[in-house]
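Visitor: got a predicted model here, sequence first, then my questions.
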Amino acid sequence: MKTRAITGFFFVLVMLCSFFFGHYPFGIFFLILSILCLREFYGLIKQTGLQPNTQAGLINGAFIYIVFALITYKDSPDVHKLLFLLTLTVSSIFIHELFKKSEAPFTNIAYTLLGLGLVCVPFTFFHAMAYIKGDFNFHYPLAFMLLLWANDTGAYLVGYKFGRTKLFERHSPKKTWEGFIGGVVIAGAASFAIGHFFPELQWTQWLSVAVLISCFGTLGDLIESMFKRSINVKDSGGILPGHGGLLDRFDGLFIAAPIVYTYLYLISN
């Protein structure tokens, strides 16, 4: 428990610093985080005996994040041209399998691409939240994380105390409907406080964001649980002592971030 608390404290401290110190630390921190999550994902796949192209996947993941980060930071035609390089970098995933002796080349390709879509693309949406109205504003991604943590905390506490009805027992036996509802309520309460300190949105809009995060964050958690059960592992990794892997900590972001970004984009335009 002590190790878990110390690890969590310093990790959250570093993350908060990335928000407060400007767009460069923010962008670099979540670039590193997305690449570490992707590396962890490929490591889990390799435990099944398959061989996703880790090197090409990581290169593509970093390139996708950087290109879209530059587009959100400086939306110019020259930056848009970098997107055409994706045709070459993604092609390298297919070309590599031609020269590798493998019994399931297209399975390897599929899991390599799945990692990009499931892990890296959501982080690009999360990063883009900071530029939803043009200039860098850390309030949007920070509010997202605060609401996600509020939902997770509420779901755990209420589920532990009152949980009886299983939410999706086949994939996550410990999750309950009571816990899910508790997470929505706690996240909704947190949205009122966020609306007071972050006036960019009305409180009703922050409440909508909280509900989206609770629903789709829980869905992301269930999907990650389904993935781990399909390859028979308990934790996604051990990079955070006492907390498991990074995928375990950010699974709620993978589905929720694109949905919340879409909502913010629509109400901002």
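Guide: Received the coordinates, thanks.

Visitor: need the contact list for the closest residue to residue 68 other than its chain neighbours.
Guide: Closest residue in space to residue 68, ignoring its immediate chain neighbours: residue 124 at 4.4 Å, by C-beta to C-beta, 6 or more residues apart in numbering. In short, each C-beta sits where N, CA and C put it, glycine included. By C-beta atoms under 8 Å, 6 or more residues apart in numbering, the contact set of residue 124 is 34, 64, 65, 68, 69.

Visitor: dump the residue contacts of the fourth one.
Guide: Which is residue 68. 124, 127, 128.

Visitor: tell me which residues touch residue 127, please.
Guide: Residue 127 neighbours (C-beta under 8 Å, 6+ apart): 26, 27, 30, 65, 68, 69, 72, 141.

Visitor: now intersect those residues with the strands, please.
Guide: Among those, no member is found in strands (DSSP state E).

Visitor: adding distance to residue 11 and pLDDT, write the contacts of residue 124 out as JSON lines.
Guide: As requested, the contacts of residue 124 are exported to JSON lines (distance: C-beta to C-beta, whole Å; pLDDT from 0 to 100):
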{"residue": "34", "distance to residue 11": "15", "pLDDT": "96"}
{"residue": "64", "distance to residue 11": "24", "pLDDT": "95"}
{"residue": "65", "distance to residue 11": "20", "pLDDT": "96"}
{"residue": "68", "distance to residue 11": "25", "pLDDT": "93"}
{"residue": "69", "distance to residue 11": "22", "pLDDT": "93"}
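
Visitor: any idea which of those has the most stuff around it?
Guide: Within the contacts of residue 124, neighbour counts (other C-beta atoms under 10 Å) peak at residue 34, which reaches 26 neighbours.

Visitor: dump the residue contacts of that one.
Guide: With C-beta under 8 Å, 6+ apart, residue 34 has these contacts: 61, 65, 119, 120, 123, 124.

Visitor: I'd assumed residue 31 was in contact with the second one.
Guide: So the one you mean is residue 65. Yes: using C-beta atoms under 8 Å, residue 65 is in contact with residue 31, at 5.3 Å.

Visitor: and for these two, which residues touch both?
Guide: Common neighbours of residue 65 and residue 31, using C-beta under 8 Å, 6+ apart, are residue 123.

Visitor: tell me which of the contacts of residue 68 fall in helices.
Guide: Those of the contacts of residue 68 mapping onto helices are 124, 127, 128, per DSSP state H.

Visitor: for the second one, give its distance to residue 89.
Guide: Pointing back at residue 127 there. Relative to residue 89, residue 127 is positioned 19 Å away (C-beta to C-beta, to the nearest Å).

Visitor: residues contacting residue 72?
Guide: 127, 128, 130, 131.
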